[in-house]
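Q: sequence plus predicted model, see below.
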Amino acid sequence: MRTEEPQDFPEIRKLLIEAFADEIHSDHSEQDLVERLRASQGYVPELALVALIDAELVGYILLTKIEIQGVDAVHEAQAMAPVAVRPKFQNLGIGGRLIEEAHRRAKTLGFQAIVLLGHAQYYPRFGYRQASAYGIRLPFDVPDENAMVKELVPGALHGIAGEVIYPKEFFG
């Protein structure tokens, strides 16, 4: 596992297309989202990770800066999007290892919380809880069980309630 490098970009694009090809809850544009986010002010190069097996790029994760607009203040956090593993390498724990390494690196960089929109059965095993439990909501209509947050620092979300503000690049 390592930080992405510019020479990885074409292979990451292919991986994202493959990984989301059969995903019914996808608009199949994750590869375009990643390219837009790399050009955004929310991009943190240290939090764009690839997983390799025998020099083959098999997994990818990206965390990007976001904000939570509270009543009295704006709080910085991270958004996780996307997490992808090539289909022939899925169910081997690669996605989980990417998530755990991204958590570790984000915490080391001083980030305290991560927001995501994802599978309700998968992410809780990594400590994610429904965002609504913290009074946090996403700026679009999604099922409550799919909008999740994780505190990287215990208590980091205490008293923080409000709406997630994504960089404009999230929306094309």
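A: Sure thing, it's come through.
Q: could you check the longest strand seen in the chain and say which residues are buried?
A: With DSSP state E applied, the strand covering the greatest number of residues in the chain is identified as strand 56-69. Residues of strand 56-69 classed as buried: 57, 58, 59, 60, 61, 62, 63, 64, 65, 66, 67, 68 (neighbour count, 16 or more other Cβ atoms under 10 Å). (Glycine included, C-beta is placed from N, CA and C.)
Q: just put these in a markdown table and tack on distance to residue 12 and pLDDT.
A: Putting the buried residues of strand 56-69 into a markdown table (distance: Cβ to Cβ, whole Å; pLDDT from 0 to 100) gives the following:
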| residue | distance to residue 12 | pLDDT |
| --- | --- | --- |
| 57 | 7 | 98 |
| 58 | 11 | 98 |
| 59 | 10 | 98 |
| 60 | 5 | 98 |
| 61 | 11 | 98 |
| 62 | 9 | 98 |
| 63 | 15 | 98 |
| 64 | 15 | 97 |
| 65 | 19 | 97 |
| 66 | 21 | 97 |
| 67 | 26 | 96 |
| 68 | 28 | 96 |
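Q: closest to residue 84 out of the residues you listed?
A: Distance to residue 84, by Cβ to Cβ, is smallest for residue 60 among the buried residues of strand 56-69, at 4.9 Å.
Q: how many neighbours does the closest residue to that closest one other than its chain neighbours have?
A: Counting by Cβ to Cβ, 6 or more residues apart in numbering, the nearest residue to residue 60 once its immediate chain neighbours are dropped is residue 84, at 4.9 Å. Taking other Cβ atoms under 10 Å as the criterion, the count of residues near residue 84 is 26.
Q: all helices of this protein, in order?
A: For the chain, applying DSSP state H gives helices covering 9-20, 30-38, 94-108.
Q: how about those in a markdown table, adding distance to residue 160?
A: Output for those, formatted as a markdown table (distance: least, Cβ to Cβ, whole Å):
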| stretch | distance to residue 160 |
| --- | --- |
| helix 9-20 | 31 |
| helix 30-38 | 23 |
| helix 94-108 | 17 |
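Q: that'll do, ta.
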